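Asks: pasting the structure only:
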Ligand SMILES: [Zn+2]
């Protein structure tokens, strides 16, 4: 029940930030175009005035890919470089934008304004970048664990002549790794949220704290991730089922972009959900209760006694 | 009575006769072999009957001892392959070897001490895959000798075709096998000599025909399969072993397998059920032969399948049926009574996809989806080697295109016709993502062309198997590029002519040993055309074929201006009058301007072939011509009241060898649908990739 409540509330928060979603979409689309254009620049000029292009539209032939690669020649490497650059740009840009997004998703009482958004992007960029680098460690460990386990399974069953146990063992490993990756991703979201909520610069502390949180409270954290993953799978299945029935190109294009928007909405929802969980699991210390005696460390402006304090 | 019955039987056989039903035995073997399943060692004794079928006097004998390829890292096979073949790696210390314990001429001398290792191909002194044995007396022309040879074969771990894995044994290239004596005029030979190559990474087969009788002793709990027909079985309860006798006439090799847990299934290929009268009649008509010569015979199909592939058993038989029928109707009936297909287990993939006479290995994976036709493709291909390797025994060492490539061409035709294009098995939790993502299915034809295009042309199509630039050049040339080359030839000659070429070549050389030049002769003879230019460029050469539409220019023709006419009757046409004639204003749009069109075609490769050209104009007019393709470019000029709408070179894609189909045509209209559709698709996939990537940011 708690999971559903968290998700519903998070979904509403995310859905309310429409301009932010559009902006996030626009940035990713820009990076995707940067990668796609050089590849299209090889394919389209060759095919747009050729009968072969029309033939491929009717029935695609895998040999056409080999033909494009073999005839691309020197145009091939700039296309590869463009893809790499767009990936780097997307990574850096997404880290930057995450600051603004998380800031506005954490506090739903703050109305969206470009100034608020950009302020968040700038304020949290370096902390989020450090955080992303810290989180590379568990992701790389998971990759290593995955290949290590797969290799160990292969070695263990190497003398045997049946494949079935290998397949099941590999499937189990993949599920395990996927779940651990899900927990890591949730920890990353929680860490970002915590940095914003506490307005702290301590990325390492947030990284370790969030990892500890997902390990100690998996039953609060994990179902949210699982539901989000299920929603993404369902959307993917729906898109795959529909894509070949959408005859008109414009409709297909719209369906594709709706799918992308939905993915972004889920991304935002997962941040908003992390904010909800953070409030649940790590409530901030209560606001200091006003006490009759002034606290020495408070700047006691405009008070004569304070003046005296400074002169002692 | 008996004599009359025998006459009837002979007449019935004669009615079915096409080429000789069996070969003249040159090298026949009678082998006793016992497998020690624990040490994976075979103790063998063979009697070789060898006929000197030449006018030469042969002073010494040569033998293949191929299991020594797996003896150490020093063998030529290991040095060439680097201990890995077709993606399988040699691991551990399970090496293999073959030792000749003794060799003796029946009723004559002991030759054991005369054995010496030789390395005719590469002088690698550490390679022990070929021996020469000097004879005390040379073998006279037409003389038959018998040798008793005792040998021990230790099987290696399976990574390259042969060996053991767990209790699975696939035993190929395992006994001392005599080379081929080539007299002058036989194949490329100019003087009598042995053709007995060392064992190389990429080639294994060249041998004379002979009759085999092999007794195999294995533990009784083992299920076995082998070349030929099983004619006897005796059990030794005391020792817990069984001895199986397999016999087969007119083959070039013998292989066998043993594994306790095989599922052994049998089906009958019933020729008159599998083929229709119309199919037989059509083939008879095409080749101008009696229907009796086309009719196929019944064949016992045996499958040895892994228990975990039980549900795929029928797929093996379906593939064998398609192959027996397809190859049989096209090239002549399969003359043997059995065909055995082996499904190697998990971990023994290196033994899969291999051909031996009447005995082949396929290969599959757990729950291979029905729409992934890898099992079918491998089974049909390996069966195809019964025709290209076994029945027509060309030299795989020296001209691998004649078996692997011909087989790629033949298999492709059957696969694309009977089974259609295939998915690739991208399995994810029991689902094939290739199907779920509805990725385009792949036909054999397009797979071959893709490999041809992507693999640099570094070698002539035909070279000795170990002399290609590298492994990928060997395999692209020997398989896919040959497939594409033969399909190109088919398009040039016409399907029917090509079918006649292939059948004639097969029938003429069945149970014999042809060369590339023999095939070339058949092509020229049957097609009635001199196709030497084709062979020179694409078989014995590596020319690049690429014709392209260069530029197309359509200029509006304006009325001539200036002083026109003869000197004594000059007429000035001014700009104004000319413009009037050209009707530049053309308010009512009725005026049809004239265009001077220039179409420039280019030859961008070094291959020279004649190409068909089709040029369409906006008024519906079509120009067709043929360009001999000799000079670097070819210019066509037209003056018509219509512009050029499209230009196409080789409109039917006859030349599958062409390096680019894209540049073969030009059309005036810009294909905006293509740009929009590919543009949106690429954008979408990159958006998804980047969103996945930035999910960790
Ligand atoms: Zn083959």
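Replies: That came through, no problem. Being a predicted model, the structure only gives us computed values, none of them experimental.
Asks: Out of all residues in chain B, which is the farthest from the middle?
Replies: Distance from the C-alpha centroid of chain B, by Cα atoms, centre = their mean, peaks at residue B:568 (76.5 Å).
Asks: ok, that one to chain A distance?
Replies: 50 Å (Cβ to the nearest Cβ, to the nearest Å). For every residue, glycine as well, the C-beta is placed using N, CA and C.
Asks: what's the distance between that residue and residue B:484?
Replies: 66 Å (Cβ to Cβ, to the nearest Å).
Asks: three-state assignment of residue 148?
Replies: Because you didn't say which chain, this covers chain A. Reduced to three states with DSSP: H, G, I helix; E, B strand; the rest coil, the structure at residue A:148 is helix.
Asks: sorry, should have said chain B
Replies: Once three-state DSSP is applied, residue B:148 turns out strand.
Asks: who's the nearest residue to residue B:160 once chain neighbours are set aside bridged to?
Replies: Leaving aside its chain neighbours, residue B:160 sits nearest to residue B:85 (4.1 Å; criterion: Cβ to Cβ, 6 or more residues apart in numbering or on different chains). Legend: beta-bridge partners of residue B:85 under DSSP bridges are residue B:88.
Asks: how about residue B:85, what does it touch?
Replies: Going by Cβ atoms under 8 Å, 6 or more residues apart in numbering or on different chains, residue B:85 touches B:159-161, B:201, B:350.
Asks: Try it again at 10 Å.
Replies: Residue B:85 makes contact with B:77, B:159-161, B:201-202, B:350, B:471 under the criterion Cβ atoms under 10 Å, 6 or more residues apart in numbering or on different chains.
Asks: what is the rounded mean pLDDT of the one helix or strand residue A:45 maps to?
Replies: Per DSSP states H and E: residue A:45 is located in helix A:18-47. For helix A:18-47, mean pLDDT is 91.
Asks: Quick check, residue B:225 in contact with residue B:301.
Replies: No. Contact between residue B:225 and residue B:301 fails when scored by Cβ atoms under 10 Å: they sit 11.6 Å apart.
Asks: shared neighbours, those two?
Replies: In contact with both residue B:225 and residue B:301: B:338, B:340-341, using Cβ under 10 Å, 6+ apart.
Asks: Between these, identify the one with the most neighbours.
Replies: residue B:340 (28 neighbours; other Cβ atoms under 10 Å in any protein chain shown).
Asks: Checking that residue next. Helix, strand or coil?
Replies: Residue B:340 - assigned by three-state DSSP - is strand.
Asks: try residue B:261
Replies: coil.
Asks: That one against residue B:343, yeah?
Replies: No. Contact criterion Cβ under 10 Å: residue B:261 and residue B:343 do not qualify, at 11.5 Å.
Asks: shared neighbours of those two, anything?
Replies: What both residue B:261 and residue B:343 touch, as defined by Cβ under 10 Å, 6+ apart, is the set B:306, B:308.
Asks: These two: which is more packed in?
Replies: Shown here are residue B:261 and residue B:343; by other Cβ under 10 Å, residue B:343 has more neighbours (27 against 16).
Asks: Surely the more buried one and residue B:362 touch.
Replies: Yes. Contact criterion Cβ under 10 Å: residue B:343 and residue B:362 qualify, at 5.8 Å.
Asks: Name all residues that sit in contact with these two at the same time.
Replies: Joint contacts of residue B:343 and residue B:362 (Cβ under 10 Å, 6+ apart) are B:303, B:305, B:309, B:312, B:315-316, B:352, B:375, B:378-379.
Asks: so what's residue 80 up against?
Replies: Looking at chain A here, since you left the chain open. Contacts of residue A:80 (Cβ under 10 Å, 6+ apart): A:35, A:38-39.
Asks: meant chain B, my bad for not saying
Replies: B:69, B:122, B:124, B:198-202, B:465-466, B:471.
Asks: Same check on residue B:72?
Replies: B:78, B:95, B:97, B:126-128.
Asks: Ranking by neighbours, what's the top pick from these?
Replies: residue B:127 (26 neighbours).
Asks: Assess the claim that it and residue B:118 are in contact.
Replies: Yes. With contacts defined as Cβ under 10 Å, residue B:127 counts as touching residue B:118 at a distance of 9.1 Å.
Asks: same question for the helix ranked longest in chain B, mean pLDDT?
Replies: Longest helix in chain B, counting residues (DSSP state H): helix B:672-694. Mean per-residue pLDDT for helix B:672-694: 93.
Asks: just checking, what packs against it?
Replies: Helix B:672-694 sits against helix A:18-47, helix A:51-58, helix A:76-106, helix A:218-243, helix A:249-281, with contacts defined as 3 or more Cβ pairs under 10 Å, 6 or more residues apart in numbering or on different chains; DSSP states H and E.
Asks: Tell me the buried residues in that helix?
Replies: B:674-675, B:678-684, B:686-691, B:693-694 (16 or more other Cβ atoms under 10 Å in any protein chain shown).
Asks: try stretch A:238-253
Replies: Neighbour count says stretch A:238-253 has A:239, A:243, A:252-253 buried, by 16+ other Cβ under 10 Å.
Asks: start to end distance for that stretch?
Replies: 15 Å (Cα to Cα, to the nearest Å).
Asks: which residues are in contact with it?
Replies: Taking Cβ under 10 Å, 6+ apart as the rule, stretch A:238-253 contacts A:254-256, A:258-260, A:262, B:433, B:436-438, B:673, B:676-677, B:679-681, B:683-684.
Asks: at 7 Å instead, please
Replies: Stretch A:238-253 is contacted from outside by A:255, A:259, B:436-438, B:673, B:676-677, B:680, using Cβ atoms under 7 Å, 6 or more residues apart in numbering or on different chains.
Asks: Who are the contact partners of the residue nearest the centre of chain A?
Replies: With distances taken as Cα atoms, centre = their mean, chain A has residue A:267 as the residue nearest its mean C-alpha position (5.8 Å). Contact analysis of residue A:267 by Cβ under 7 Å, 6+ apart lists residue B:695.
Asks: now do the one 4 residues further on
Replies: Listed by Cβ under 7 Å, 6+ apart, the contact set of residue A:271 reads A:101-102, A:105, A:189, A:193.
Asks: What distance do you get for it to residue A:126?
Replies: 19 Å.
Asks: ditto for residue B:230
Replies: On the measure of Cβ to Cβ, residue B:230 and residue A:126 end up 77 Å apart.
Asks: and if you look at residue A:37?
Replies: Counting by Cβ to Cβ, the gap from residue A:37 to residue A:126 is 31 Å.
Asks: In the stretch 151-300 of chain B, what residue lies closest to chain A?
Replies: Using Cβ to the nearest Cβ, residue B:166 is the residue of the stretch 151-300 of chain B that sits closest to chain A, at 4.4 Å.
Asks: show me the contacts for that residue.
Replies: With Cβ under 7 Å, 6+ apart, residue B:166 has these contacts: A:159-161, B:347.
Asks: Can you say which of those residues are buried?
Replies: A:161, B:347.
Asks: quick one: which of the contacts of residue B:166 sit in helices?
Replies: Going by DSSP H, the helices hold none of the contacts of residue B:166.
Asks: State the pLDDT value of residue B:201.
Replies: pLDDT, residue B:201: 88.
Asks: same thing with the one 10 residues further on?
Replies: We have a pLDDT of 97 for residue B:211.
Asks: same question, residue B:21
Replies: So, for residue B:21, pLDDT stands at 77.
Asks: Make sure it is actually in contact with residue B:335.
Replies: Yes. Under the criterion of Cβ atoms under 7 Å, residue B:21 makes contact with residue B:335 at 5.6 Å.
Asks: Looking at those two, which is more packed in?
Replies: More crowded of residue B:21 and residue B:335, by other Cβ under 10 Å: residue B:335, with 21 against 15.
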